[in-house]
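Peer 1: Got a sequence here, can you model it:
(one chain, ligands or ions: 1)
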Amino acid sequence: MSPSARPKNDVFLRALLREPVEYTPVWLMRQAGRYLPEYNETRRRAGSFLSLCKNPQLACEVTLQPLSRFELDAAILFSDILTVPDAMGLGLYFADGEGPKFERPLREEWAIRDLTAPDPNVHLRYVMDAVAEIRRALGNSVPLIGFSGSPWTLACYMVEGGSGSATDYRTVKTMLYDRPDLMHHILDVTATAVTDYLNAQIESGAQAVMIFDSWGGALSHAAYREFSLAYMQRIVAGLKREHDGERVPCIVFTKGGGQWIEAIAGIGCDAVGLDWTSDLGEARRRVGDRVALQGNLDPMALFASPDKVAAEARRVLDSFAGDAGEARKSGGHVFNLGHGISQFTPPENVKVLVDTVHSHSRRGSARG
Ligand code: CP3
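Peer 2: Down below sits the predicted model:
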């Protein structure tokens, strides 16, 4: 039997759809991860990060870990954005302390021409099984978020063979400028792969989806639209927006994309994620009520003393709400960090953060 469609705590879904909420929902990017000792323990049992991702039972176990410690309003599938290029045959591995790498980076024209979109229900079956398993384990409690990388962000890893930031994305950007035809081909196939992958997650039970465009902010103004945003727009247009009679909201997050927020809000998504360099109130004025906003505490603020953590959380809430606190009760804000949580974060501070978001936003709505 499938679990009933609307979770008991649906404040996250309502905020994304800009429906009234009694408090601001919160979840954290990378909420299941190395800052939690219980995560490190499960990862050790799995043998490696990748075997953890590929084991639906253990992936489910770590997905739930942060929820039993903190009053988070959503769960996020435990996986990685790089499972898609792995399923395309590039050979993902994690070298200790060096982050993700590919055995066969995409460099040769023939390999690029050979690239095909994997069937998610076959090549990424373990992800779909994890989604279904997590939904069963969550029961009717909080919604489950599915996700994927954006085509551009995935292409950065695929062409560079690892994180491109250390080399200023030299290889992938050389291809972008010299051989835009090849770059577009990679992005075209990857956009199809991502659309199929997210739709399969939705069919397996994901109740909202998020596209991580972690390296979109590395592009020039013109290149961002042509090589990243256009493909995310195509994906959003191809997503199943309803499942089991419920809307499935979609969040788009371009790290470093604050200056392009109107353009992002225009691609048909329900919400835009912002990193910590944007002011939420200003962002809200710029996009009006076209989309909800998600963000945007600096993850490094979590290293400060608990009272500073609480003060920074209140500052983010107040920046969205404006002076009168008016906006808060009308929904439209999902509290999050501006990027993934650091592995060195003290878990006690995460509790302070989550509790402060709830208590301060409840107070705000009572006052308004
Ligand atoms: O938010 C969640 O809890 C869901 C799980 C999740 C992970 N990665 C788990 C993970 C999500 C949503 C991601 C997305 C992801 N992965 C992105 C987009 C978001 C972003 O951070 O910009 C990117 C760029 C990746 C690629 C990737 N995977 C990197 C750069 C790393 C870090 C390498 C390192 O050693 O710091 C990973 C590994 C990874 N993905 C870990 C986790 C918990 C840590 C791996 C471990 O346990 O050793």
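Peer 1: Let me know the pLDDT of the closest residue to Phe227 other than its chain neighbours.
Peer 2: Spatial nearest neighbour of Phe227, excluding adjacent residues (C-beta to C-beta, 6 or more residues apart in numbering): Trp152 at 5.5 Å. Where you see a C-beta, it was placed from the backbone N, CA and C, and this is true even at glycine. Here, the pLDDT recorded for Trp152 equals 98.
Peer 1: same question, Gly99
Peer 2: 89.
Peer 1: what's around it, how many residues?
Peer 2: The number of residues packed near Gly99 is 13, by other C-beta atoms under 10 Å.
Peer 1: count of neighbours near the closest residue to the ligand within the stretch 251-368 of the chain?
Peer 2: For the stretch 251-368 of the chain and the ligand, the shortest gap (C-beta to the nearest ligand atom) falls at Gly340, measuring 4.1 Å. Residues lying near Gly340 (other C-beta under 10 Å) number 16.
Peer 1: That one belongs to a strand, doesn't it?
Peer 2: No - checked against DSSP: H, G, I helix; E, B strand; the rest coil, Gly340 lies outside a strand; its state is coil.
Peer 1: Quick check, it in contact with Met29.
Peer 2: Yes - the criterion here is C-beta atoms under 8 Å, and Gly340 meets it with Met29 at 4.4 Å.
Peer 1: And the lowest mean pLDDT element among the helices and strands of this protein?
Peer 2: helix 326-329 (a mean of 62; mean pLDDT, DSSP states H and E).
Peer 1: can you pull the contacts of the residue of the chain found nearest the ligand?
Peer 2: The nearest approach of the chain to the ligand comes at Ser214, 3.1 Å away (C-beta to the nearest ligand atom). Ser214 is in contact with 81, 149-150, 153, 253, 255, counting by C-beta atoms under 8 Å, 6 or more residues apart in numbering.
Peer 1: Would you confirm that the residue nearest to Phe227 contacts Trp215?
Peer 2: Yes - assessed by C-beta under 8 Å, Trp152 is found in contact with Trp215 at 6.5 Å.
Peer 1: what about these two, which has more around it?
Peer 2: Trp152 (30 against 25).
Peer 1: Which residue is the nearest non-sequential neighbour of the residue of the stretch 251-368 of the chain closest to the ligand?
Peer 2: Using C-beta to C-beta, 6+ apart and skipping the chain neighbours, the partner closest in space to Gly340 is Arg30 (3.6 Å).
Peer 1: So Ser141, which state does it fall into?
Peer 2: Going by three-state DSSP: Ser141 is coil.
Peer 1: Neighbours of it, how many?
Peer 2: The burial count for Ser141: 15, using other C-beta under 10 Å.
Peer 1: Also the one 10 residues further on?
Peer 2: For Pro151, the number of neighbouring residues by other C-beta under 10 Å comes to 29.
Peer 1: just Glu348 next, same as before
Peer 2: Neighbour count of Glu348, defined by other C-beta under 10 Å: 12.
Peer 1: and if you look at Arg286?
Peer 2: Counted with other C-beta under 10 Å, the neighbours of Arg286 add up to 14.
Peer 1: change the start of the numbering to 682 and stick with it
Peer 2: Happy to do that; since the first residue is 682 now, the last one works out to Arg967.
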